[in-house]
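Colleague: pasting the sequence and the predicted coordinates here, then a few questions.
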2 protein chains.
Amino acid sequence: MSKCEQCIVRQFNSLKALTKEELMRVSACKTTQIVKKGDNIFEEGDSLNGIYCIRDGVCKLTKLSENGKDQVVKLALKGGMIGQRSLISGEPSNLTATAVNDMQVCFVPKSEIIQDLQKNPDFSMDVLKNMAKDLKNSDDQLVDMAQKTVKQRLANTLVYIHQKFGSDENGFLALTLSREDYASIVGTATESAIRILSQFKKQGLISTKGKQIKIEDDTGLLRVE
Amino acid sequence: MSKCEQCIVRQFNSLKALTKEELMRVSACKTTQIVKKGDNIFEEGDSLNGIYCIRDGVCKLTKLSENGKDQVVKLALKGGMIGQRSLISGEPSNLTATAVNDMQVCFVPKSEIIQDLQKNPDFSMDVLKNMAKDLKNSDDQLVDMAQKTVKQRLANTLVYIHQKFGSDENGFLALTLSREDYASIVGTATESAIRILSQFKKQGLISTKGKQIKIEDDTGLLRVE
DNA sequence: TACATAATATGACAAATATCATAAAATATA
DNA sequence: TATATTTTATGATATTTGTCATATTATGTA
């Protein structure tokens, strides 16, 4: 089994603030798991006994609304950590984590993390900073959700995914999501999302091939009204 | 000037986790200010050199959207702390804090707080827990904003304010907000908020007297479709 | 390959919400 | 108290968005 000390992914999250000794302990107690596309890592209401560090792949964090629709709250990718909020508050998870493509994640037990939070101020400060960043993102999303049109939100989402995940060799977004996923990021009906994508296509802002999407004009998308 | 050691308000926030010595230092370096209704404590983009502990009164934390409308992200009341997120991330404030009624707030300089975060794991853990709670609230709000109707959101807001702020001697909500404030909490046009309030009144869910609102049927409000 | 299944696409229509106009009431101010 | 100003209220209408129906295309599987 591979060691955390040699894992590059760690540089992208709070684990980089651990001392060599702490990291070795984490490495010794962690377990690595393969998660197949579509499978859940954990579900809303689950008690989490640790956190997950994403070695590879992407997952969506969603919450089921009373109307029966899932809302995507966040996308987490390679280097991300999920489950910290729940671990810190000691409450069951507020969100469901579902693999958007095949993933490899490392589970680190709660006891080790809590101990490091208590002993290592650099680590706890870094976790605090990441949580602060999440909170800012969440607040900003809330404002957009409240004040922007569906069209604007979908345009922003496309640009965001372009920026965050880049393009493949053919120019298509490297992260392929279903139209339903787009709809539940944007907070709209799947048909509405599809309709607006068609419109963007006619306007030359994007092009598509099956479910794959190519961004043709980022700035144009950001100008959508 | 009054001392933090004797301040009850502290019990409601992370400052309760400080040691006696730390608290005395905070008390020595803090400054108390009066903020009049409608005045800003800080604005979006301001660099904050500390955090504010609310001794009395209520403020709204808002963000201006590109469409020119303010969105309320959070209401903070007596015992609450504002500005922590910005202090921790080291970024300018993401939100504007405006007094909804007359307030008294204590400003604690950044240097003192940072030092305590570094030295006192109980304190940093408590700040972390509060941030985790804020994050959960923000995520939940996001889901509601995306998936619930304006009517449901306004009903939920009324119940929330009833729970959080209670009623005055005449049964009216103890926190009086303008219809415009309600609209920018719910994320709708002021006219829509007013229209729906009128509807709730006809249904006997609330009653009003000027801008004052009395909740007549909490459970009924929560059942609104 | 052929079939079944799921995902995407689009039309028609209904419902929700925003906008503009204007009136009435409440509140602040002289 | 009288007046000006703001806030609340409501109607008319336009726009946005959701829902249901159905066709088409893509994708997985035997």
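Modeller: Structure's in. What do you need?

Colleague: the longest helix seen in chain A vs DNA strand C: in contact?
Modeller: Taking DSSP state H as the criterion, chain A has its longest helix at helix A:121-147. No - judged by C-beta under 7 Å from any atom of the strand, helix A:121-147 and DNA strand C are separated, with a smallest distance of 8.3 Å. No exception for glycine: its C-beta is placed from N, CA and C like everyone else's.

Colleague: angle of that helix against helix B:121-147?
Modeller: 20 degrees (axes from the mean of the first three to the mean of the last three C-alpha atoms, to 10 degrees).

Colleague: can I get the CA coordinates of whichever strand or helix holds residue A:28 in PDB?
Modeller: Assessed by DSSP states H and E, residue A:28 sits inside helix A:20-29. In PDB, the C-alpha atoms belonging to helix A:20-29 read as follows (Å, rounded to 0.1, in the frame of the first residue of the first chain):
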ATOM      1  CA  LYS A  20       6.500  14.000   9.400                       C
ATOM      2  CA  GLU A  21       5.600  12.000  12.400                       C
ATOM      3  CA  GLU A  22       1.900  12.900  12.200                       C
ATOM      4  CA  LEU A  23       1.900  12.000   8.500                       C
ATOM      5  CA  MET A  24       3.400   8.700   9.200                       C
ATOM      6  CA  ARG A  25       0.700   7.900  11.700                       C
ATOM      7  CA  VAL A  26      -1.900   8.900   9.200                       C
ATOM      8  CA  SER A  27      -0.300   6.700   6.600                       C
ATOM      9  CA  ALA A  28      -0.300   3.800   8.900                       C
ATOM     10  CA  CYS A  29      -4.000   4.000   9.900                       C
END
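
Colleague: in the next helix or strand after the longest helix of chain A, what counts as buried?
Modeller: Downstream of helix A:121-147, the next assigned helix or strand under DSSP H and E is helix A:150-165. By neighbour count on 16 or more other C-beta atoms under 10 Å in any protein chain shown, the buried set for helix A:150-165 is A:150-159, A:161-162, A:165.

Colleague: which ones among these come in contact with DNA strand D?
Modeller: Answer for the buried residues of helix A:150-165 near DNA strand D (C-beta under 7 Å from any atom of the strand): A:150, A:151.

Colleague: go through the buried residues of helix A:150-165 and say which is closest to residue B:27.
Modeller: Closest to residue B:27 out of these is residue A:156 (45.4 Å), distances taken as C-beta to C-beta.

Colleague: verify the stated contact: the closest one with residue A:147.
Modeller: No - the criterion here is C-beta atoms under 8 Å, and residue A:156 misses it with residue A:147 at 11.9 Å.

Colleague: show me whatever sits in contact with both of the two.
Modeller: Common contacts of residue A:156 and residue A:147, defined by C-beta atoms under 8 Å, 6 or more residues apart in numbering or on different chains, are absent altogether.

Colleague: sorry, back to before: average pLDDT across the longest helix of chain A?
Modeller: Averaging pLDDT along helix A:121-147 yields 97.

Colleague: any residue of that helix touching chain B?
Modeller: Yes - using C-beta under 8 Å from any C-beta of the partner chain, helix A:121-147 reaches chain B at A:121, A:124-125, A:127-129, A:131-136, A:138-147.

Colleague: which among those residues end up buried?
Modeller: In the residues of helix A:121-147 next to chain B, the ones that pass as buried (16+ other C-beta under 10 Å) are A:121, A:124-125, A:127-129, A:131-132, A:134-136, A:138-147.

Colleague: you'd agree residue A:155 is up against residue A:225?
Modeller: No - the pair residue A:155 and residue A:225 does not pass the contact test of C-beta under 8 Å, sitting 9.6 Å apart.

Colleague: near residue A:31, how many other residues are there?
Modeller: Using other C-beta atoms under 10 Å in any protein chain shown, residue A:31 has 11 other residues around it.

Colleague: how much space separates it from residue A:109?
Modeller: 9 Å (C-beta to C-beta, to the nearest Å).

Colleague: so where is chain A shaky, pLDDT-wise?
Modeller: Residues of chain A meeting the criterion pLDDT under 70: A:1.

Colleague: need the helices for it, in chain order.
Modeller: Counting by DSSP H, the helices of chain A are A:20-29, A:84-89, A:110-119, A:121-147, A:150-165, A:179-186, A:190-202, A:218-223.

Colleague: within range of DNA strand C, give me the residues from chain A.
Modeller: A:178, A:179, A:180, A:190, A:191, A:194, A:195, A:197, A:198, A:208, A:210, A:211.

Colleague: for the residue lying closest to the fourth one once chain neighbours are set aside, the count of nearby residues, please.
Modeller: In this case it means residue A:190. Leaving aside its sequence neighbours, residue A:190 sits nearest to residue A:183 (C-beta to C-beta, 6 or more residues apart in numbering or on different chains; 4.4 Å). Using other C-beta under 10 Å, residue A:183 has 24 neighbouring residues.

Colleague: and what of the one 10 residues further on?
Modeller: Other residues lying near residue A:193 total 24 when counted by other C-beta under 10 Å.

Colleague: got a list of what the residue lying closest to it once chain neighbours are set aside touches?
Modeller: Nearest non-adjacent residue to residue A:193, counting by C-beta to C-beta, 6+ apart: residue A:183, 4.0 Å away. Taking C-beta under 8 Å, 6+ apart, we find residue A:183 in contact with A:189, A:190, A:192, A:193.

Colleague: neighbour-wise, which one of these leads?
Modeller: For the contacts of residue A:183, neighbours tallied by other C-beta under 10 Å; top is residue A:193, 24 neighbours.

Colleague: list the residues that contact that residue.
Modeller: Residue A:193 makes contact with A:150, A:154, A:179, A:180, A:182, A:183, A:186, according to C-beta under 8 Å, 6+ apart.

Colleague: run the last query once more with 10 Å
Modeller: A:150, A:153-154, A:157, A:178-187 (C-beta atoms under 10 Å, 6 or more residues apart in numbering or on different chains).

Colleague: and the closest residue in space to residue A:53 that isn't next to it in sequence, how many neighbours does it have?
Modeller: The shortest distance from residue A:53 to any non-neighbouring residue, by C-beta to C-beta, 6+ apart, is to residue A:106 (4.6 Å). For residue A:106, the neighbour count with other C-beta under 10 Å is 24.

Colleague: repeat for residue A:24
Modeller: A total of 14 residues lie near residue A:24 under the criterion other C-beta under 10 Å.

Colleague: same check, this time on residue A:36
Modeller: Residue A:36: 10 neighbours (other C-beta under 10 Å).

Colleague: same question, the one 4 residues further on
Modeller: Residue A:40 is surrounded by 14 other residues when neighbours are defined as other C-beta under 10 Å.

Colleague: ok, it to residue B:71 distance?
Modeller: Per C-beta to C-beta, residue A:40 is found 32 Å from residue B:71.
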